[in-house]
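> prediction below, plus the sequence it came from.
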Amino acid sequence: MRSIPFFFLFLGVACSLFAQEKSYKIGCIGFYNFENLFDTLDTPDVSDSEFTPESPKRYGTAIYTEKLSHLADVVFQMGTELTPDGVALLGVAEVENRGVLEDFVSQEQVRDRNYQIVHYDSPDGRGIDVALLYNPKYFEVLSSRPIPMGSYESNGVVRYTRDVLFVSGLFDGEPLHILVNHWPSRSGGEKATQHLREMAALLCKNVVDSLCAVDPEAKVLIMGDLNDDPISPSVKQVLQAKRYADDVRPCGLFNPMWELYAKGTGTLAYRDTWNLFDQIMASYGLVDKKNEGYRFYQARVFNKPFLIQKSGNFKGYPWRTWAGDTYLGGYSDHFPVYVYLLKEVE
């Protein structure tokens, strides 16, 4: 699928490119870690006091408003090189509540897309959740639910973290299932926390297996900030996500981010080393060459120069919003990612 088609219809908008006699519809689906998109209120029973006007961050309306505008600048541009409407669906992480999402989708840059929201409050101690934004022009939600993610402490108490968001719907009339993730962090050490991310991966694997038991060609996208790379055990062994689409078998998964990672592309940097924690994986139904509907076409990291820190200790890194309590005025400490799906039409 490396050839460039003659027509991209953009789910209805035609665009002539090169002299090949095929026509396609194309849609874009992405994921973006919004890096601590909090409102300015101190919410009871949530550890969000650092994002208030009285905190050392002095997190007030001006910073919140600029943060929203910056994120909207990014989302507005994602995917527009092949489709004028940009991302049709966008998974997001590190959002405090539905209110901040409503403020985001009302931003001038993205308002005309009429993004709708699928969100559930998770039991995460910091109050950060995942969500799915979707353009109703392209996607219809049929069902959604949060899948709890909990682990047992040494004292037997269950510690809950961010839910996995499971959404099923119709993408331009075709069934599509989305799993939006923000897996447990590496705080405390990569090895010490590895089992937590493997548990999260198993939750996703169980959903894929359940869907596949009903329909081996089920079309599923697993997306999120996994706090692991494509070669980490959670992804490579638990999810068994393959590097090459030709290696994927029925009920299996393809990880297009693996090839990007192998080339040195990352979505965040730590101690001058790039990681590719933000990933989107596709099920067999989206890579099967016999599939006549939407298929996976291409994966990209949105790492335009304006998203890169130009100076200071984080020079060359994603231009983040915060360094401790110091406001850097950037976008996020993660680059967003997105994939294109293509469908050949008559």
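Cool, the structure landed. Numbers count the residues shown, from 1 in each chain.

> how about the helix or strand where F31 lies: buried residues?
In the assignment (DSSP states H and E), F31 maps to strand 23-37. Burial within strand 23-37, assessed by neighbour count using 16 or more other C-beta atoms under 10 Å, is assigned to 24-37. (Each C-beta comes from the backbone N, C-alpha and C, glycine too.)

> flag the least confident of the residues you listed.
Of all these, Y24 has the smallest pLDDT value, namely 89.

> touching, that residue and L341? I think so.
No. Counting by C-beta atoms under 8 Å, Y24 sits too far from L341 to count as a contact (9.8 Å).

> tell me the gap between the strand holding F31 and the middle of its chain.
Between the centre of strand 23-37 and the centre of its chain there are 7 Å (C-alpha atoms, centre = their mean, to the nearest Å).

> so what does that strand touch, helix or strand wise?
Taking 3 or more C-beta pairs under 8 Å, 6 or more residues apart in numbering; DSSP states H and E as contact, the helices and strands that strand 23-37 lies on are strand 7-8, helix 61-77, strand 87-95, helix 98-105, strand 174-182, strand 220-225, strand 278-283, strand 337-345.

> cutoff 7 Å now
Contacts of strand 23-37 with other secondary structure elements, assessed using 3 or more C-beta pairs under 7 Å, 6 or more residues apart in numbering; DSSP states H and E, are made with strand 7-8, helix 61-77, strand 87-95, strand 220-225, strand 278-283, strand 337-345.

> residues in contact with the second one?
Contact partners of helix 61-77, identified using C-beta atoms under 7 Å, 6 or more residues apart in numbering, comprise 32, 34, 37, 39-40, 86-87, 90, 103-104, 107, 109-110, 302, 307, 321, 327, 331, 336.

> can you rerun that using 8 Å?
Helix 61-77 is touched from outside by 30, 32, 34, 37-40, 57, 86-87, 90, 100, 103-104, 107-110, 302, 304, 307, 321, 327, 329-332, 336, with contacts defined as C-beta atoms under 8 Å, 6 or more residues apart in numbering.

> got a quick ChimeraX command for the buried subset of those residues?
Command for ChimeraX that selects the buried part of the contacts of helix 61-77, burial taken from 16+ other C-beta under 10 Å:
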select :30,32,34,37,38,39,40,57,86,87,90,100,103,104,107,109,110,302,307,321,327,330,331,332,336
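
> what about the helices in the stretch 201-346 of the chain?
Using DSSP state H, counting those that start in this stretch, the helices of the stretch 201-346 of the chain run over 233, 257-262.

> just put those helices in JSON lines and tack on mean neighbour count.
Supplementary listing: these in JSON lines, determined by neighbours: other C-beta atoms under 10 Å:
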{"stretch": "helix 233", "mean neighbour count": "14"}
{"stretch": "helix 257-262", "mean neighbour count": "19"}
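
> closest to Y270 out of these?
Shortest separation from Y270 across those is recorded for helix 257-262, at 14.6 Å, computed as C-beta to C-beta.
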